[in-house]
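Peer 1: predicted structure and sequence below. I'll ask about it afterward.
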Amino acid sequence: MRVALAPLVAGRKVVDAGGHPSAKFSAAAQAAGATIERVGRRGKYLLVELDDGRDLVIHLGMTGRLRLRAAEHVDDPYVRAWWALDDGEVLELRDVRRFGRVAVVPRGRHDSLPTLAALGPEPFAETFTPEVLWQALRRSRLRVKTQLLQQRAVAGVGNIYADEALWRAGVDPAVRKVSRPQATRLHAAIRAVLAAALANGGTTLRDYRTVDGGTGRNQDHLACYGRAGEPCTRCATTLRRKVLDGRGTTWCPACQRR
DNA sequence: GGCTGGCCCTGTACGC
DNA sequence: TGCGTACAGGGCCAGC
């Protein structure tokens, strides 16, 4: 997403902007008048650096999608925020379920976005090591899957990739204590699952789209998520599903023993 | 400070 | 066919 978006908007001035009146999107208008310097990313957040020392922070939520279109008016009730650029194009955040979020904050000041402020290391950063993951996980008594979703131990792992990584690592998503060898396997699994997702262009379940409007292919490569009732590809045991701390969770009761 | 559970929101699937 | 209900999910927040 960031890679596709950055060359299209960097250097462009935001001549006008607006957002849905809800608290989640109304801040979009505050970017008007600023010029986009570069586009960065932290976890699931896009950080659009503005030339006036502020960051436009965009979280796509579950169903959010950014797209560029020509300026002529298109009536789309699901556009929650928009930024008109000086080249005549409009960057739009289309988010059917309004789970996304937009904020404009002084550069690096992310206090208003607690999850971003407390975000763990990037999964492919050198600082993210098996030891770092193990130390982070053992600091809390939350279930291991819940910790992954909190983004504190590592950034960018959502529900789908948490299930996939835990399955690949052979770790029960419900455990509250992870051994060092389990953490090592989980570290490798997280990187492998995210690398595969990137290589496949993302995971398309219902509403997800890439920046150019296409769909990802990773859903065709999922080994665990969404396959409850089907045989585990590793041991042929029937995969099961349950709600864990409010999130749908699929796991193999044989491969992922406590 | 850490943890839990509820809430937001809307399209889709399913049962009646 | 049409209606009602359950479900999905990321992150915030109130309450414990």
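Peer 2: Arrived safely, thanks for sending.

Peer 1: excluding chain neighbours, what is closest to A:Ala228?
Peer 2: Excluding the flanking residues, the one nearest A:Ala228 by CB to CB, 6 or more residues apart in numbering is A:Arg241, at 3.5 Å. In this view, the C-beta of every residue, glycine as well, is placed from N, C-alpha and C.

Peer 1: is the one you found located within a helix, as I assumed?
Peer 2: No - if the criterion is DSSP: H, G, I helix; E, B strand; the rest coil, then A:Arg241 is strand and not within a helix.

Peer 1: OK, contacts around it?
Peer 2: Going by CB atoms under 8 Å, 6 or more residues apart in numbering, A:Arg241 touches A:228-229, A:248-251.

Peer 1: and it, how far is that from DNA strand C?
Peer 2: Distance of A:Arg241 to DNA strand C, given as CB to the nearest atom of the strand, to the nearest Å: 7 Å.

Peer 1: quickly list what that residue is bridged to.
Peer 2: A:Arg241 has the following beta-bridge partners by DSSP bridges: A:Thr250.

Peer 1: from A:Ala223, how far off is it?
Peer 2: A:Arg241 sits at a distance of 14 Å from A:Ala223 (criterion: CB to CB, to the nearest Å).

Peer 1: could you do A:Ala197 as well?
Peer 2: To A:Ala223, A:Ala197 is 12 Å away according to CB to CB.

Peer 1: kindly report the same for A:Ala81.
Peer 2: Remark: distance between A:Ala81 and A:Ala223 (CB to CB) = 35 Å.

Peer 1: so which of the two has more stuff around it?
Peer 2: Of the pair A:Ala81 and A:Ala223, A:Ala81 is the one with more neighbours under other CB atoms under 10 Å, namely 27 against 17.

Peer 1: strands of the stretch 101-250 of chain A, start to end?
Peer 2: Assigned by DSSP state E, counting those that start in this stretch, the stretch 101-250 of chain A shows strands spanning A:101-106, A:240-244, A:247-251.

Peer 1: out of the ones you listed, which gets nearest to A:Ala192?
Peer 2: Nearest to A:Ala192 among the strands of the stretch 101-250 of chain A is strand A:247-251; the distance by CB to CB comes to 17.3 Å.
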